[in-house]
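# sequence? don't have it. structure:
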């Protein structure tokens, strides 16, 4: 993040403050080359100033850095130039507003470069300084996954399958970042571009073979993946979310579509289960492999009626339950087949596993080798923290990140037991300062698909928590009354009390779904981060009632 806040940030500080992101050795780039890259002439002796890093955060500056002073939500990064210089910054890049602030301060003892929109060039400069993906330098193969739902699980599936193929892998995403060493907790779905390029350089330095990365619409809008070219870009789906940023689904789609251009990716795999995917596959400016994970196309949301005549390159066929997961066949249009298993519940995890498989194939791995890795390693049974994470089996207690209407509907459908008399109890809420239109929609979905709906708090941020709950409750109660639904709707807060209530209401044959926060361990209320982990609260409540909980194994990484 830039100084103080980023436009979409919900965490108190950014990745840029984490020293473990950088490679150990960086060859200096003269400031003249940096100026040339952005069309700025660097005069005199300043042209030879050696630059070995780049930072958006004065607290993360290291000796040799270019400090980029950007406007923040409350203050400008130029206010912190003195701190950056004290920490070792050798040059500053800022905008007109930053230059005016610097003109009012004491003399700045380092060169100052000026750009009209410095954020737009940070990615390019980060790639130049860190040499993150130079041609012919053995850079890891890079897989990027975008879409509304499924990004995290798909990147973990790609990572697990590549490891089963014997590759050394890295991962950049919502939950954690892996670069061949200890996991680094993640604060943003996609880090700032300074960190993305530093991480890619670190992965190359450590000899990794491949890496998978979540690419959010925020990342594209805020230039976090500028100057990154993915070997394979993947698309999961597009459903209502982030309209607080994008305004309309069309704008949301157009933002996602930017990833599927020659400037950002060499090849693509696009899931074409709905019209958004089919439209993306047709419009992409790079070679596209298409994937159908549903035999009944849905549509009408992107460009008119669904195209039921669509034939994909790869299609999921003969999906059958096995335990909590599924076995399925992935069939190519030429008749070739792969046998695939996922141990995670839900048709959406079949879709995630299929996408991961086809992306690895598109990355150049032979089908026979992929089949052998699938058979020997069972990579798609890897546990993904907070993504359909099973805490107990009797009752079935699941924590999931579902925080928009489509994800909530899929999660509720996935956890419904076929056993007679089994009930589904859901605990969920809605995030503050986000798209308010999805709140009543989520309430209605919960009322239709659960037997007991417990509305509680998610992350209120600076909004009134009670008002958020009322928006969700209104949707649940309206659906219950107008559709004659036989469900119970409760309002219980705080969230730990809601989870305890769900466990008190559950029998051994029932299912508890705690949705919305997934792997998160902090709840932000009025600028204060409160310790809260749904998995811990659920485990404690189950244990207190005498139920047996599963061992809390760490994710494979």
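Looks like it arrived, so ask away. The shown structure was predicted, so the numbers you read here are calculated from the model rather than taken from an experiment.

# Residue 144 and residue 235 touch, don't they?
No. Shown here, residue 144 and residue 235 do not form a contact pair, counting by CB atoms under 8 Å, at 9.9 Å. The C-beta positions use only the backbone N, C-alpha and C, and glycine is treated the same way.

# biggest helix in the protein by residues?
Longest helix in the chain by number of residues (criterion: DSSP state H): helix 465-483.

# buried stuff in that one?
In terms of neighbour count (16 or more other CB atoms under 10 Å), helix 465-483 has its buried residues at 465, 468, 469, 471, 472, 473, 475, 476, 477, 479, 480.

# Distance of the third one relative to residue 116?
So that's residue 469. Between residue 469 and residue 116 the distance, using CB to CB, to the nearest Å, works out to 44 Å.

# How about the first one?
Here residue 465 is placed at a distance of 41 Å from residue 116 (CB to CB).

# that older thread, from the contact counts, what lies against the helix or strand following the longest helix of the chain?
For helix 465-483, the following helix or strand on the C-terminal side (DSSP states H and E) is strand 488-491. Other elements packing on strand 488-491 under the criterion 3 or more CB pairs under 8 Å, 6 or more residues apart in numbering; DSSP states H and E are strand 452-455, helix 465-483.

# if we look at strand 488-491, which residues are touching it?
Under the criterion CB atoms under 8 Å, 6 or more residues apart in numbering, residues 447, 451-456, 469, 473, 476-477, 480, 501 lie in contact with strand 488-491.

# Save these as JSON lines, and put in pLDDT too.
Rendered in JSON lines, the data for these read as follows (pLDDT from 0 to 100):
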{"residue": "447", "pLDDT": "98"}
{"residue": "451", "pLDDT": "98"}
{"residue": "452", "pLDDT": "98"}
{"residue": "453", "pLDDT": "98"}
{"residue": "454", "pLDDT": "98"}
{"residue": "455", "pLDDT": "98"}
{"residue": "456", "pLDDT": "98"}
{"residue": "469", "pLDDT": "98"}
{"residue": "473", "pLDDT": "98"}
{"residue": "476", "pLDDT": "98"}
{"residue": "477", "pLDDT": "98"}
{"residue": "480", "pLDDT": "98"}
{"residue": "501", "pLDDT": "98"}
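
# Can you pick out the most distant pair from those?
Based on CB to CB, the longest span within the contacts of strand 488-491 runs between 451 and 469 and measures 19.8 Å.

# For the closest residue to residue 25 other than its chain neighbours, give me its contacts.
Nearest in space to residue 25, with sequence neighbours left out and distances taken as CB to CB, 6 or more residues apart in numbering, is residue 205 at 7.0 Å. Residues in contact with residue 205, defined by CB under 8 Å, 6+ apart, are 23, 24, 25.

# Ok, residue 486 next?
Residues in contact with residue 486, defined by CB under 8 Å, 6+ apart, are residue 451.

# That one and residue 105: what is the separation?
67 Å.

# And for residue 365?
55 Å.

# And those two? Which one has more around it.
Neighbours were counted for residue 365 and for residue 105 using other CB atoms under 10 Å; residue 365 has more, 19 against 11.

# wait, the more buried one sits on residue 166?
No. Under the criterion of CB under 8 Å, residue 365 lies out of contact with residue 166, with a separation of 10.5 Å.

# what touches both of those two?
Here residue 365 and residue 166 share no contacting residue, scored by CB under 8 Å, 6+ apart.

# What segments of the stretch 1-150 of the chain are helices?
In chain order, the stretch 1-150 of the chain shows helices spanning 31-37, 81-86, 96-104, 119-130, with DSSP state H, counting those that start in this stretch as the criterion.

# Show me where the chain dips below the pLDDT cut-off.
When the per-residue scores of the chain are filtered using pLDDT under 70, the ranges that remain are 1-20, 136-137, 181-182, 185-189, 240-247, 295-310, 552-557.

# and with 50 instead?
Across the chain, the stretches falling below the confidence threshold (pLDDT under 50) are 1-17, 242, 246, 295-308, 553-557.

# Please work out how many residues are found near residue 494.
If you count neighbours by other CB under 10 Å, residue 494 ends up with 14.

# Find the nearest non-adjacent residue to it, please.
Using CB to CB, 6+ apart and skipping residues adjacent in sequence, the residue nearest residue 494 is residue 457, 6.3 Å away.

# Verify the stated contact: that neighbour with residue 468.
Yes. Applying CB under 8 Å, one finds residue 457 in contact with residue 468, separated by 7.2 Å.
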